[in-house]
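> sequence and computational prediction follow.
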Amino acid sequence: MTASPPLEHWPLIIIGTGFAGLSLALQRMNDGQEDFIVLEQAQSPGGTWRDNRYPGCACDVPSHLYSLSCAPPWDWQRKYAEAPEIEAYLAHLAHSLGARIRYRAQVRSASWQAREQLWQVELDDGSRLTCRFLVAGVGPLSEPAWPDLPGLENFAGPLLHTARWPRDRDLKGQRVGLIGTGASAIQVGPALAPEAAQLVIFQRTAPWVVARKDHPYATGTRRLLGKLPCLRRAYRAWLYLTRELKGLAFLWPGLMRRIEKGVRRDLAHQVSNPQLRQKIMPRTPMGCKRILLSDTWWSTLELPHVTLETDPIQHIEAAHLVTETGARYALDALVLATGFRYQDNPMARLFKGENGLTLEDFWKAQRSAYLGMMMPSFPNFFLLTGPFSGLGHNSIVFMIECQTRWIQSALAHVAAQGKNEFKVRAQAYATFTEEMNQRSKKTLWMQGCQSWYLDPAGRNTALWPGFSLSYWWRTRHFDAKDFDYA
């Protein structure tokens, strides 16, 4: 009988090559630690910026802020970078890691082996690896959410989701239906409108849209920022602080109501059609859902070949979409801008902690993580950008770097203690979760909206209910008393 080949072992395995995974990998490399490998399911790095390639895809955080402080960006072309430029930046970061990244390595499962105090990771090709510590940087917004619409599977034309847009897809001259008016919709819609013969946008809830004020950087500005790192750092700090101040309005709803009045005035002045203006005037409090940035959304809706339909969709046929009032729209292609599965992300099924408990089952009571990173029953396991570590007002990259520094501190502490295993105490986890629940109640996100931020019980489980500076303060040191060791 042939013996099984020995398992490949690493002290640390990182899953994913988006901002999160690359941030931790580069942090370790910069600290002189090369005892890790990064697993990437695709054949190239980039995470969400590799997968989201729909027309008009761009970031809503200024480019000089949406980058790693440990790897300063080079020559950003615009204030708000477009997806290809961000993907190129991430590819540049990944290149510096060389063979530390293993591509086409999709994780099928990862399970904690209590006796050996190791994680065992199985890949789709059947190969297996073990590691002492496991970090999941797979991203909470990675699995597309497909709408539950009767007859969707019967549509005969191209059915395109913004999160899985095929390369070189051309919809020129076609009658296009766009379902959704969220963050991806207000980017893809204005990009498709100039090419489409007809564009019908199906809206369920009118979003809050404010001016993006995007612009290309002048050649002289780019040269100056490239030659003077101190100026680039000062500019980045200014961008950070101005966005951090906007967090006041999310934590004190009264401030947001003042901003809301100004946005309503802008909408009334810029949209001349009273029927259209009535359709796109938001009915929800500003900020309880994601505030969208666009310089072209309202003007796109006023184009003569663009229709905004607010009647609910009844069903979909091979070449038509039918609303509940009986309106029928003949369509050649259908675009789904319906976001991602956050609360029920199937990623949680991959990870099995103590006694075979999956992360999905552990989260049935409530999706949570201590400091957005750790859960009881999952020793030596970290999440990056886990529950309560998102932001509604500033750059997620700042939060990621706080987390990677904290993980480095945690690993250093465990090594110094000569321990092989550690996990967050159940009481520390429960206390943190209750704190997040109580603090979230006062925020705008829980003022009556339904959004992906909230779980089925109506609790915020996605965003940090405070300033990002307060998160930095909480993660600046590893608090050893909140953990058990073995």
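Structure's in. What do you need?
> what sits up against the helix or strand containing residue 235?
For residue 235, the host element (DSSP states H and E) is helix 229-251. Helix 229-251 is contacted from outside by 61-62, 64-65, 69, 72, 224-226, 255-256, 259, 287, 392-395, 398, 442-445, 465-469, using CB atoms under 8 Å, 6 or more residues apart in numbering. From N, CA and C alone the C-beta is placed, and that goes for glycine too.
> residues in contact with the residue most central in space within the chain?
The chain has residue 141 as the residue nearest its centroid, 4.4 Å off, counting by CA atoms, centre = their mean. The contact partners of residue 141, taken as CB under 8 Å, 6+ apart, are 48, 339-340, 342.
> pLDDT weak spots in the stretch 1-150 of the chain?
1-6, 74 (pLDDT under 70).
> and the closest residue to residue 367 other than its chain neighbours, how far from residue 251?
Spatially, and ignoring its direct neighbours in sequence, residue 367 is nearest to residue 461 (4.3 Å; CB to CB, 6 or more residues apart in numbering). Distance of residue 461 to residue 251, computed by CB to CB, to the nearest Å: 17 Å.
> so these two - more neighbours on which side?
Remark: of residue 461 and residue 251, residue 461 carries more neighbours, 25 against 17, as counted by other CB atoms under 10 Å.
> pretty sure the more buried one sits against residue 453.
Yes - taking contacts as CB atoms under 8 Å, residue 461 lies within contact range of residue 453: 7.4 Å.
> can you pull out the helices in the stretch 51-200 of the chain?
83-95, 185-192 (DSSP state H, counting those that start in this stretch).
> can you add distance to residue 405 and give those back as TSV?
Formatted as TSV, these follow (distance: least, CB to CB, whole Å):
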stretch	distance to residue 405
helix 83-95	17
helix 185-192	32
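> out of the ones you listed, which gets nearest to residue 353?
When the helices of the stretch 51-200 of the chain are compared by CB to CB, helix 83-95 sits nearest residue 353, at 29.2 Å.
> helix, strand or coil: sort out the closest residue to residue 360 other than its chain neighbours for me.
Distances taken as CB to CB, 6+ apart put residue 348 closest to residue 360, at 3.9 Å, once the chain neighbours are dropped. What DSSP: H, G, I helix; E, B strand; the rest coil gives for residue 348 is helix.
> wait, what's in contact with residue 348?
Counted by CB under 8 Å, 6+ apart, residue 348 has contacts 358-360, 363.
> among these, which are in helices?
359-360 (DSSP state H).
> most neighbours out of the contacts of residue 348, which is it?
Busiest of those [other CB under 10 Å] is residue 359, holding 24 neighbours.
> pretty sure residue 24 contacts residue 404?
Yes - counting by CB under 8 Å, residue 24 touches residue 404, with 4.4 Å between them.
> which neighbours do these two share?
residue 384.
> residue ranges for the strands of the stretch 101-250 of the chain, please.
101-102, 107-113, 118-123, 128-136, 159-161, 175-179, 198-202, 209-210 (DSSP state E, counting those that start in this stretch).
> which residues sit against the fourth one?
The set of residues external to strand 128-136 that reach it, using CB under 8 Å, 6+ apart, is 7-16, 21, 24, 37, 110, 113, 116-123, 347, 351, 380-384, 407, 411, 420.
> next, the angle from it to strand 118-123.
100 degrees (axes from the mean of the first three to the mean of the last three CA atoms, to 10 degrees).
> quick one: residues contacting residue 345.
Contacts of residue 345 by CB under 8 Å, 6+ apart are 140, 142-143.
> scan those residues and report the most crowded one.
Among the contacts of residue 345, residue 140 has more neighbours than the rest - 26 neighbours, counting by other CB under 10 Å.
> how much space separates it from residue 16?
Taking CB to CB, one finds residue 140 at 11 Å from residue 16.
> repeat for residue 177
From residue 177 over to residue 16 (counting by CB to CB), the distance is 33 Å.
> residue 314 too?
39 Å.
> so which of the two has more stuff around it?
residue 16 (27 against 16).
> surely the more buried one meets residue 138?
Yes - using CB under 8 Å, residue 16 makes contact with residue 138 at a distance of 4.7 Å.
> derive a PyMOL selection command for the buried subset of the contacts of strand 128-136.
A single PyMOL command is used to select the members of these judged buried by 16 or more other CB atoms under 10 Å:
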select buried, resi 10+12+13+14+15+16+21+24+37+110+118+119+120+121+123+347+351+380+381+382+383+384+407+411+420
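> thinking again about what came up before, check the residue nearest to residue 367 and give its pLDDT.
pLDDT, residue 461: 93.
> cool, and residue 331?
In this prediction, residue 331 carries a pLDDT score of 96.
> so how many other residues sit close to it?
Residue 331, neighbours per other CB under 10 Å, totals 25.
> so what's it up against?
155, 157, 175-177, 200, 319-321 are the contacts of residue 331 under CB under 8 Å, 6+ apart.
> cool, residue 150 as well?
Counting by CB under 8 Å, 6+ apart, residue 150 has contacts 314-316.
> same check on residue 335?
Contact analysis of residue 335 by CB under 8 Å, 6+ apart lists 54, 160-162, 176-179, 188, 192.
> wait, is it part of a helix?
No - read with three-state DSSP, residue 335 is strand and lies in no helix.
> what's the distance between the residue nearest to the centre of the chain and residue 342?
6 Å.
> again with residue 283
The value you get for residue 283 to residue 342, if CB to CB is used, is 23 Å.
> more neighbours: which of these two?
residue 342 (21 against 6).
> skipping its backbone neighbours, what lies nearest the more buried one in space?
Leaving aside its sequence neighbours, residue 342 is closest to residue 452 (4.7 Å, by CB to CB, 6+ apart).
> what's stretch 351-361 in contact with?
Against stretch 351-361 from outside (CB under 8 Å, 6+ apart): 109-112, 114, 136, 346, 348-350, 362, 375, 377-379, 381.
> so which of those comes closest to residue 97?
When the contacts of stretch 351-361 are compared against residue 97 (criterion: CB to CB), the nearest one is residue 136, at 17.6 Å.
> quick check: bridge partners of the closest one?
Partner residues in beta bridges with residue 136, using DSSP bridges, are residue 15, residue 383.
> for residue 33, see how far away residue 190 is.
45 Å.
> and those two? which has more neighbours close in?
residue 190 (22 against 15).
> residues contacting the more buried one?
Contacts of residue 190 by CB under 8 Å, 6+ apart are 56, 294, 296-297, 299-300.
> are any of the residues you listed buried, and which?
Buried, going by 16+ other CB under 10 Å: 56, 294, 296-297, 300, out of the contacts of residue 190.
> filter those residues down to the ones in helices?
Using DSSP H, those in helices are 297, 300.
> with distance to residue 215 added, can I get the buried ones among the contacts of residue 190 in TSV?
As requested, the buried ones among the contacts of residue 190 are exported to TSV (distance: CB to CB, whole Å):
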residue	distance to residue 215
56	16
294	14
296	13
297	17
300	19
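> and the buried ones among the contacts of residue 190, which is closest to residue 169?
residue 56 (13.0 Å).
> would you mind measuring from that closest one to residue 31?
39 Å.
> packing partners of the host helix or strand of residue 409?
Following DSSP H and E, one finds residue 409 within helix 396-416. For helix 396-416, the elements it packs on are helix 19-30, strand 381-383, helix 468-475, judged by 3 or more CB pairs under 8 Å, 6 or more residues apart in numbering; DSSP states H and E.
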